[in-house]
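Undergrad: Sequence and predicted structure are below.
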Amino acid sequence: METMLIMKETHGFIRSIDIADHLGVTKPSVSYATKRLRENGYITMDSKGLITLTDTGMAVAEQMYARHKLLTEFFIQLGVDEETAHTDACKVEHDISVKTFDAICQNVKKQK
């Protein structure tokens, strides 16, 4: 959903093929994921295959993207180059505990 938000902000629309290209995965993998997201009420898809985040989906995507941006900023503050910081933030944002993430937030705020 985070990638969908990025696609929406970048291109103004969301297509499965763009998601697959961005993530480096196959279109069938994206099709499977979008089916699950539709079933759970996070996205809708029109007859042309354009994807729209629902209000619930948008809220979740924005929260994920905010976590990603904050973690990227934190890693950069540690001296990590921007590309590596971005890549590592993608990996960490999904597995980090709330407690650790909150501690990182506090640290980033102190550094500003």
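TA: Thanks, I have it. Residues are numbered from 1 along each chain as shown.

Undergrad: helices and strands of this structure: which one has the lowest mean pLDDT?
TA: helix 98-111 (a mean of 88; mean pLDDT, DSSP states H and E).

Undergrad: That one - contacts with which helices or strands?
TA: Packing partners of helix 98-111 (3 or more CB pairs under 8 Å, 6 or more residues apart in numbering; DSSP states H and E): helix 55-77. Backbone N, C-alpha and C define where each C-beta goes, glycine included.

Undergrad: Next, the buried residues of the helix it packs on.
TA: Within helix 55-77, the residues scored as buried using 16 or more other CB atoms under 10 Å are 57-58, 60-61, 64-65, 67-68, 70-75.

Undergrad: what would those residues look like in CSV with distance to Lys99 and pLDDT?
TA: Shown next, in CSV, are those (distance: CB to CB, whole Å; pLDDT from 0 to 100):
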residue, distance to Lys99, pLDDT
Gly57, 26, 96
Met58, 26, 96
Val60, 20, 93
Ala61, 23, 94
Met64, 18, 89
Tyr65, 21, 91
Arg67, 14, 91
His68, 18, 91
Leu70, 15, 92
Leu71, 15, 93
Thr72, 20, 94
Glu73, 19, 91
Phe74, 15, 92
Phe75, 19, 94
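
Undergrad: could you dump these to TSV with distance to Ser31?
TA: Listed next are the buried residues of helix 55-77 as TSV, based on distance: CB to CB, whole Å:
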residue	distance to Ser31
Gly57	17
Met58	21
Val60	20
Ala61	19
Met64	21
Tyr65	23
Arg67	26
His68	24
Leu70	31
Leu71	29
Thr72	29
Glu73	33
Phe74	34
Phe75	32
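
Undergrad: Of those residues, which is the nearest to His86?
TA: Thr72 (5.3 Å; CB to CB).

Undergrad: Can you report how many residues neighbour the closest residue to the closest one other than its chain neighbours?
TA: Once flanking residues are discounted, Thr72 sits nearest to Ala89: 4.3 Å by CB to CB, 6 or more residues apart in numbering. Using other CB atoms under 10 Å, Ala89 has 21 neighbouring residues.

Undergrad: That concludes my questions; thank you for your assistance.
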